[in-house]
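Asks: Build me a model from this:
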Amino acid sequence: MAEGVTKKRESKKKTDRVSENGKVFITATFNNTLVTITNNKGDTIGWSSAGAVGFKGTRKSTPYAATTAVEAVAKKAVLKGLKNVEVYIKGPGAGRDSALRAIKSAGLSISQIADITPIPHNGPRASKKRRI
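Replies: Purely as a prediction, here's the structure:
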């Protein structure tokens, strides 16, 4: 009886080339900083966060954690061929400015910076007046 020899399929690592232009979405909350890099169509190239990089607890909300998160995802994007980005920042967190510096130091050129923080146009009904 001949024994069947199983061949392992060699999986080739998928190296996607993307266009040179893309968008970076930074959400800087008080507890974390989320970074997503997309192409012009909106397809995600890569993402990262301060928590995904390894920070826990209150250290996630620091500017250094935001810098580390941006560097991690920007290196992947540069390897895939991204060069020029438009940056969209949302939220009031501490990682806003340091995330921008990290994008610049990673080798991506910034063509536009836009603040897309949602601002309520009156918001919900206020709670009743306090009586003392």
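Asks: drop to CA atoms for contacts and neighbour counts, all remaining ones
Replies: Will do.
Asks: now the chain, which segments are flagged as low pLDDT?
Replies: Scanning the chain with the threshold set as pLDDT under 70 gives 1-15.
Asks: Can you give me the neighbour number for Gly46?
Replies: By the measure other CA atoms under 10 Å, the count of residues near Gly46 is 17.
Asks: Hmm, Val78 and it touching each other?
Replies: No: the pair Gly46 / Val78 is not scored as a contact, 10.6 Å apart, by CA atoms under 8 Å.
Asks: Touching, Ala114 and Arg96? I think so.
Replies: No: contact criterion CA under 8 Å: Ala114 and Arg96 do not qualify, at 11.7 Å.
Asks: which residue ranges form the strands in the protein?
Replies: Under the criterion DSSP state E, the chain carries strands at the ranges 21-28, 33-39, 44-49, 84-90, 109-115.
Asks: tell me, how many neighbours does the closest residue to Ala102 other than its chain neighbours end up with?
Replies: Of all residues not flanking Ala102 in the chain, Thr67 sits nearest, at 5.4 Å (CA to CA, 6 or more residues apart in numbering). By other CA under 10 Å, the residues close to Thr67 number 23.
Asks: Looks like Thr67 contacts Arg96 (just checking).
Replies: No: counting by CA under 8 Å, Thr67 stays clear of Arg96, with 9.3 Å between them.
Asks: gap between the residue nearest to the spatial centre of the chain and His121?
Replies: Centrality entry for the chain: nearest residue to the mean C-alpha point is Val35, 1.2 Å, by CA atoms, centre = their mean. From Val35 across to His121, the span is 27 Å (CA to CA, to the nearest Å).
Asks: for the residue nearest to Ala102, what are its contacts?
Replies: Residues near Thr67 by CA atoms under 8 Å, 6 or more residues apart in numbering: Gly95, Ser98, Ala99, Arg101, Ala102.
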